[in-house]
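Colleague: give me a model of this one.
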Amino acid sequence: MELRKTSRYPLEFRVTFRWTNEDKDYFGTGSTRDISAAGMFISARIARPMTQRLSCEVTAPRSRSAGSLQIKASGQVVRVEGIESIARRGVCGIWRHAAVF
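Modeller: Numbering: from 1, shown residues only. Have a look, this model is predicted:
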């Protein structure tokens with residue numbers, strides 16, 4: 001049963017993210033697997049703890065003359081996949097705040 005309120009689109013964009021845990025800052029990079037106005041799934045080699053709040057910057061390409069589109073968002077990690085594997089790990093996040101620049 002689909003619980004999402006918005007449709008996800010299978011788009012792969014570069015993403016950088018950061019989070020703070022016990023007063024220490026962590027950073028990572030990856031790519032989106034799918035994205036919507038309310039959330040995204042990030043594939044990355046670094047695992048983030050469940051329920052951790054992330055700040056993300058997504059880079060979406062525009063036409064050749066217009067450069068790229070930057071999407072800044074923050075949200076809470078609601079699901080992590082692939083923890084048992086050293087291959088790419090994934091995280092599903094819900095956006096609470098997002099801005100497009």
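Colleague: what mean pLDDT does the longest strand along the chain get?
Modeller: Assignment by DSSP state E gives strand 68-81 as the longest strand of the chain. Averaging pLDDT along strand 68-81 gives 83.
Colleague: so what does it touch, helix or strand wise?
Modeller: Applying 3 or more CB pairs under 8 Å, 6 or more residues apart in numbering; DSSP states H and E, one finds that strand 68-81 makes contact with strand 39-44, strand 53-61, strand 89-100. All C-beta spots, glycine's among them, are computed from the backbone N, C-alpha and C.
Colleague: try 10 Å this time
Modeller: strand 14-21, strand 24-35, strand 39-44, strand 53-61, strand 89-100 (3 or more CB pairs under 10 Å, 6 or more residues apart in numbering; DSSP states H and E).
Colleague: turn those into JSON lines, columns for mean neighbour count, mean pLDDT and distance to Gly67.
Modeller: Formatted as JSON lines, the helices and strands packed on strand 68-81 follow (neighbours: other CB atoms under 10 Å; pLDDT from 0 to 100; distance: least, CB to CB, whole Å):
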{"stretch": "strand 14-21", "mean neighbour count": "16", "mean pLDDT": "90", "distance to Gly67": "14"}
{"stretch": "strand 24-35", "mean neighbour count": "15", "mean pLDDT": "89", "distance to Gly67": "19"}
{"stretch": "strand 39-44", "mean neighbour count": "21", "mean pLDDT": "86", "distance to Gly67": "21"}
{"stretch": "strand 53-61", "mean neighbour count": "17", "mean pLDDT": "88", "distance to Gly67": "9"}
{"stretch": "strand 89-100", "mean neighbour count": "16", "mean pLDDT": "51", "distance to Gly67": "14"}
